[in-house]
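>>> Sequence isn't available, so here's the structure alone:
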């Protein structure tokens, strides 16, 4: 959907505007590691939603809600597995569509 793609592009712009490094004074606080985890989670969400937004009739934000629940239940390893499966399925679908268009 076009609206989803525009929103995802805006989210990427905001993500890319984050500073490259956190202030050294923050590294000694209790918020440093949770903040890094949140940033990693945001990156995973953006990658997933970006891939899904290119898939016809997909609902990237519905997927993200499910992804969040899975992450809460099973941890980052499960989330990474979901991303890998998602990307493989996307590539397989694109290849199938290319093959189909060549034979038509």
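Yep, that arrived. Here the structure is a predicted model, which is why all the values come from computation and not from measurement.

>>> Assign residue 19 to helix, strand or coil.
Put simply, residue 19 is coil when judged by DSSP: H, G, I helix; E, B strand; the rest coil.

>>> Also the one 3 residues further on?
Here residue 22 is recorded as coil under three-state DSSP.

>>> Does it touch residue 32 like I think?
Yes - assessed by CB atoms under 8 Å, residue 22 is found in contact with residue 32 at 6.9 Å. Yep, even glycine has a C-beta here, placed from its N, CA and C like the rest.

>>> number of nearby residues for residue 61?
15 (other CB atoms under 10 Å).

>>> hang on, it packs against residue 4?
Yes - under the criterion of CB under 8 Å, residue 61 makes contact with residue 4 at 6.9 Å.

>>> shared neighbours of the two, anything?
Taking CB atoms under 8 Å, 6 or more residues apart in numbering as the criterion, residue 61 and residue 4 both touch residue 49.

>>> how about the helices in this protein?
Assigned by DSSP state H, the chain shows helices spanning 2-16, 32-53, 60-74, 76-103.

>>> Tell me where the model's unsure across the protein.
1, 67, 70-83, 104 (pLDDT under 70).

>>> Phi first, then psi, for residue 18.
Reported as degrees, to the nearest 10, the phi and psi values for residue 18 are phi -60, psi 150.
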